[in-house]
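> Dropping the sequence and predicted coords here.
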Amino acid sequence: MCKLGWILALLLLVTSGGLAWTFLIRGEAVPASDGRMALRLPPGERDLVLGEMREFLSAVQRIVDGANRDDMKTVAEAARKVGFAAQQSVPVSLMKKLPMEFKRLGLGTHKAFDQLAMDARDFGDKGKTLEQLAELMQNCVACHAAYRIDPAPPGN
């Protein structure tokens, strides 16, 4: 009986590991024709991800504009708007479809915007702000180089 228990425990562990790999690490990305990985999402989820990216781009424009005008209050507000709190509205059903590296880049970007907002507010150093912005945009470049967002095939 003890041997059967160990076999069942091992099967449960392997199954759990496989599910964790699929939903937490690999996600539902497939190789795309352009060498990137395609995230095939239904319209609502695709719109949410692409909308978040447009918000990032809008924030970057406002940050650069604010820094150029020495308006660090605008810089902080723009960065805070797309910080970690903005990520909280992403549904679990979408998160499980995203590969770990995509999630890491996205969460890192939100956190970097939060740090930029705090530093802009606390120090008001536009040079530091632009350095932070250049660094966090490396996440954007890496993500767009590695992934694309495609519509899900019909029936998914």
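Nice, I can see it.
> Which parts of the chain are helices?
Using DSSP state H, the helices of the chain run over 2-20, 43-68, 72-81, 84-87, 92-95, 100-123, 126-146.
> So which bits of the last one are buried?
So that's helix 126-146. Residues of helix 126-146 classed as buried by neighbour count (16 or more other C-beta atoms under 10 Å): Lys126, Thr129, Leu130, Gln132, Leu133, Leu136, Asn139, Cys140, Cys143. In short, each C-beta sits where N, CA and C put it, glycine included.
> Would you convert these into CSV that also reports pLDDT?
Formatted as CSV, the buried residues of helix 126-146 follow (pLDDT from 0 to 100):
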residue, pLDDT
Lys126, 97
Thr129, 98
Leu130, 98
Gln132, 98
Leu133, 98
Leu136, 97
Asn139, 97
Cys140, 97
Cys143, 98
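> Return the member of those residues nearest to Val60.
Ranked by distance to Val60 (C-beta to C-beta), the buried residues of helix 126-146 are led by Leu133 at 6.7 Å.
> Please report the distance of the spatially most central residue of the chain from Lys81.
Centroid check for the chain by C-alpha atoms, centre = their mean gives Gly106 as the closest residue, at 1.8 Å. Note on Gly106: its distance to Lys81, by C-beta to C-beta, to the nearest Å, is 16 Å.
> And the contacts of stretch 85-94?
For stretch 85-94, contacts defined as C-beta atoms under 8 Å, 6 or more residues apart in numbering pick out Leu41, Glu45, Leu48, Val49, Glu52, Glu55, Gly106, Leu107, His110.
> Mind doing that once more with 7 Å?
Here stretch 85-94 makes contact (C-beta atoms under 7 Å, 6 or more residues apart in numbering) with Glu45, Leu48, Leu107, His110.
> In that stretch, which residues are buried?
Ala86, Gln87, Val90, Leu94.
> what would those look like in a markdown table with pLDDT and distance to Pro151?
Shown next, in a markdown table, are the buried residues of stretch 85-94 (pLDDT from 0 to 100; distance: C-beta to C-beta, whole Å):
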| residue | pLDDT | distance to Pro151 |
| --- | --- | --- |
| Ala86 | 88 | 24 |
| Gln87 | 82 | 23 |
| Val90 | 88 | 19 |
| Leu94 | 94 | 14 |
